[in-house]
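# Pasting the sequence and the predicted model now:
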Amino acid sequence: MSRVDWSKAPSRAVCYANELFWEHDKDNGKMRFFVSDDVSRYHGVDMIGLSRHKDFETRSLDWPSEQRIDIVGTNGNDGLVYNAPERTTSDLNAKPVSKYHRTIKGVQIDLYDVLVAYGVTCPALAHALKKMLIPGQRHAKTFEQDIDEAIASLQRAKELAVGTTTN
């Protein structure tokens, strides 16, 4: 049972701490607290810093029960990329449905769940993380090839962050 009345939270709020609702500033990775429903102020603290407050609570996501939600456009909204059935509550402890799934604390998640939870929106960072989590275990690529490609993706993420490109 939540101690926080989330019906009073602005729609962008991702957590509650220090008697304030907070949102994640994707530009700098820091948190901003809400002054009103549509105005937030930069604070410079990260999620780990906020989690140390005794009243810290994250907003739970209300996922549709009928359909598995992934990042549309990356995975598609039907889950067919995995070539596996949708996950249900009854099979959370079952064998992972693909090499990208892991069971953590009784809940089966995949990389896309992690990306959403941490607010990763940069496609180059997402690509690098996917390669770094299971290097050499995905397709026909070796450990070294996946690491080299992750490094290249991280470099591209830096370029995207400052608005430059190299071809």
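Done, it's in. Note that the coordinates shown come from a computational prediction; the quantities given were computed from them, not determined experimentally.
# mind listing the strands in this structure by residue range?
15-17, 20-25, 30-36, 39-42, 57-58, 101-104, 107-110 (DSSP state E).
# Which one of those lies nearest to residue 147?
Residue 147 lies closest, by CB to CB, to one member of the strands of the chain: strand 101-104, at 20.2 Å. Where C-beta positions appear, they are placed from N, C-alpha and C, glycine not excepted.
# Contact partners for residue 128?
Counting by CB atoms under 8 Å, 6 or more residues apart in numbering, residue 128 touches 149-151, 153-154, 157.
# Next: residue 144.
Applying CB under 8 Å, 6+ apart, one finds that residue 144 lies in contact with residue 136.
# Please apply the same query to residue 56.
Contacts were defined as CB under 8 Å, 6+ apart; by that measure residue 56 touches 15-17, 50.
# hmm, 6 Å instead?
Taking CB atoms under 6 Å, 6 or more residues apart in numbering, we find residue 56 in contact with 17, 50.
# what's the distance between it and residue 25?
If you measure residue 56 against residue 25 using CB to CB, to the nearest Å, the figure is 18 Å.
# wait, residue 127 sits on residue 152?
No: in this structure, residue 127 is not within contact of residue 152 by CB atoms under 6 Å, at 9.3 Å.
# neighbour-wise, which of these two wins?
Between residue 127 and residue 152, counted using other CB atoms under 10 Å, the more crowded position is residue 127 (18 against 14).
# Against residue 144, how distant is the nearest residue to residue 146 once chain neighbours are set aside?
Counting by CB to CB, 6 or more residues apart in numbering, residue 146 lies nearest to residue 135, which is 3.8 Å off, once chain neighbours are set aside. Counting by CB to CB, the gap from residue 135 to residue 144 is 8 Å.
# Perfect, that will be all.
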